[in-house]
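Participant: Just the structure for this:
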Amino acid sequence: AALTVRFLTRRFIGEYGDMEFIYSHNLTVDGREILFHIWDVPSSQEQAEEGSSEEKRIQWADCFVLVYSICDRASFNILPLKIQFIKAAKEGQSQEKVPIVIVGNKRDLHHQRVVSSEEGRLLALSLDCGFYEVSAAE
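Facilitator: I've put the predicted structure just below:
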């Protein structure tokens, strides 16, 4: 949620509850007006729900940004299963590759890092995803 709000408002807010939100945002990209709809779902909520709710979100979306904390190994370890689930649901219907980006957040907390940048890059490479490391706070 912090990363989504930072993208939308350019402000950092550090505390969020485990709530699901859908945001809409206009942005000009290469001279074209693009309307984004962002369905922000906390990982704890996804894990508690049935597969059908997650499947509905996957069918709704055109691309995916999966965010983990570089300070939380569990948030990183769940990514391969989530990506396989997304690809099976989306690419099973068509031959088009689904755009997925893996984002390691909290780069500013390097002293608490438990997932290396190299691990993130290797995971993204092995799963044919994009990769970035960022700090919502900075």
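
Participant: Can you classify Leu90 by secondary structure?
Facilitator: Let me fix one detail, which is that residue 90 is Lys and not Leu. Using DSSP: H, G, I helix; E, B strand; the rest coil, the structure places Lys90 in helix.

Participant: Show me where the chain has its helices.
Facilitator: Using DSSP state H, the helices of the chain run over 2-9, 43-48, 51-60, 73-77, 79-91, 117-126.

Participant: distance between the ends of stretch 88-97?
Facilitator: End-to-end distance of stretch 88-97: 11 Å, with C-alpha to C-alpha, to the nearest Å as the criterion.

Participant: Now stretch 108-125 - C-alpha only, CSV.
Facilitator: C-alpha atoms of stretch 108-125 as CSV (Å, rounded to 0.1, in the frame of the first residue of the first chain):
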residue,chain,number,x,y,z
ASP,A,108,16.4,2.3,2.6
LEU,A,109,16.4,-0.3,5.3
HIS,A,110,19.6,-2.0,4.0
HIS,A,111,20.8,-2.7,7.6
GLN,A,112,17.7,-5.0,8.1
ARG,A,113,18.0,-6.7,4.7
VAL,A,114,17.5,-10.5,4.6
VAL,A,115,16.9,-10.8,0.8
SER,A,116,19.8,-9.8,-1.4
SER,A,117,19.4,-7.8,-4.6
GLU,A,118,21.0,-10.7,-6.4
GLU,A,119,18.3,-13.1,-5.1
GLY,A,120,15.6,-10.8,-6.4
ARG,A,121,17.3,-10.4,-9.8
LEU,A,122,17.9,-14.2,-10.2
LEU,A,123,14.2,-15.0,-9.2
ALA,A,124,12.9,-12.5,-11.8
LEU,A,125,15.3,-13.8,-14.5
